[in-house]
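Participant: what's the 3D shape of this:
(one chain, ligands or ions: 1)
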Amino acid sequence: MIHFDNVSKRYAGGHEALNGLSFDVEAGEMVFVTGHSGAGKTTLLKLLGIIERPSRGEIVLNGADLGRVRQRSIPQVRRGIGMVFQNHRLLMDRCVFDNVALPLGIVGAGREETAKRVRAALDKVGLLDRERAAPATLSTGEQQRVGIARALVGKPPLIIADEPTGNLDPQLSVEIMNLFAEFQQVGTTVLIASHDLHLIRHMGKRVLVLDHGQLIDDFRPQAA
Ligand SMILES: Nc1ncnc2c1ncn2[C@@H]1O[C@H](COP(=O)(O)OP(=O)(O)OP(=O)(O)O)[C@@H](O)[C@H]1O
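Facilitator: Numbers count the residues shown, from 1 in each chain. This next block holds a predicted model:
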């Protein structure tokens, strides 16, 4: 599903954020990416979403060589990826339903189909009864779950999440991670950047450890 071959990323200004990164992720795996602040976790996810381009090396996603994807084909690649960010970037002047429906509007889904899929996504994150609420009236955790519903509404084969539990209390963090694990159980590939080692250990999934842009470990802890 994901193939990184000797990938490096040097930002303008000369900083090498990733250095010679090679790894593979199989379809249906759930993998954590961890490491110190500035280790390159976000950069790795941005390369997958073609938000940034690699300086060297090859990235293949679902058979597509991301280095060769033309600018105009980027939206098509992104449709296959559900992206979750820590600052969930919800539209505050639109209700929960509209926020989750956003990606479907882009692909031109009909009204009935949209309503069905939005409600299914909200149901998964336990927010079906809040569809008409304004995001500002929701708690941080609920807003985070709206962001997750929006990422999965298009049923993408891959979900990438950058610190999805940052700013959440430990119990809510576990709930959010369990939600991602449920997506994996139905076949979705999940890649999560997190520095919460305690939570990562608890989940018992594969872990990639970055240190100054290099992959220094790739292991699977025993679930706690
Ligand atoms: N747009 C950019 N231009 C220049 N340097 C950047 C840019 N984005 C990130 N960097 C640098 O690249 C390095 C890796 O950053 P990245 O955000 O990938 O790390 P991270 O592991 O996600 O860190 P954190 O846990 O703090 O979010 C950092 O040193 C950062 O300062």
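Participant: up against the ligand, what does the protein have?
Facilitator: Residues of the chain lying near the ligand by Cβ under 6 Å from any ligand atom: 11, 13, 15, 17, 35, 37-43, 195. Backbone N, C-alpha and C define where each C-beta goes, glycine included.
Participant: as CSV, those with secondary structure, distance to Val69 and neighbour count would be great.
Facilitator: Output for these, formatted as CSV (DSSP: H, G, I helix; E, B strand; the rest coil; distance: Cβ to Cβ, whole Å; neighbours: other Cβ atoms under 10 Å):
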residue, secondary structure, distance to Val69, neighbour count
Tyr11, coil, 20, 12
Gly13, coil, 25, 5
His15, coil, 24, 11
Ala17, strand, 20, 22
Gly35, strand, 27, 23
Ser37, coil, 30, 6
Gly38, coil, 27, 13
Ala39, coil, 26, 22
Gly40, coil, 21, 25
Lys41, helix, 22, 24
Thr42, helix, 20, 18
Thr43, helix, 18, 22
His195, coil, 30, 16
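Participant: farthest-apart pair in the residues you listed, please.
Facilitator: Farthest-apart pair in the residues of the chain next to the ligand is Gly13 and His195; separation 23.8 Å (Cβ to Cβ).
Participant: pLDDT weak spots in this structure?
Facilitator: For the chain, the stretches with pLDDT under 70 are 87-88, 223-224.
Participant: now do the SS call for the residue nearest the centre of the chain.
Facilitator: For the chain, the residue nearest the mean C-alpha position is Ile160 (1.8 Å; Cα atoms, centre = their mean). Here Ile160 is recorded as strand under DSSP: H, G, I helix; E, B strand; the rest coil.
Participant: got the domain boundaries for the protein?
Facilitator: Following the assignment in automatic domain parsing, the chain carries domains at 1-80+157-224, 91-155.
Participant: am I right that Met92 sits in a helix?
Facilitator: No: checked against three-state DSSP, Met92 lies outside a helix; its state is coil.
Participant: touching, it and Ala136? I think so.
Facilitator: Yes: using Cβ atoms under 8 Å, Met92 is in contact with Ala136, at 5.6 Å.
Participant: could you pull out the strands for this protein?
Facilitator: Using DSSP state E, the strands of the chain run over residues 2-10, 16-25, 30-35, 56-61, 64-65, 81-84, 158-162, 189-193, 206-211, 214-219.
Participant: quick one: strands adjacent to the shortest one?
Facilitator: According to DSSP bridges, strand 64-65 has the following sheet partners: strand 56-61 (antiparallel).
Participant: buried residues in the strand it pairs with?
Facilitator: Within strand 56-61, the residues scored as buried using 16 or more other Cβ atoms under 10 Å are 57, 59-61.
Participant: any idea how far that strand is from the chain center?
Facilitator: Relative to the chain's own centre, strand 56-61 is displaced by 18 Å; criterion: Cα atoms, centre = their mean, to the nearest Å.
Participant: what do you get for stretch 3-17?
Facilitator: 20 Å.
Participant: contact partners of that stretch?
Facilitator: If you take Cβ atoms under 8 Å, 6 or more residues apart in numbering as the criterion, stretch 3-17 is touched by 18-24, 40, 43, 47, 52, 54-61, 213.
Participant: and Ala133, what are its phi and psi?
Facilitator: When read as degrees, to the nearest 10, the backbone of Ala133 gives phi -70, psi 150.
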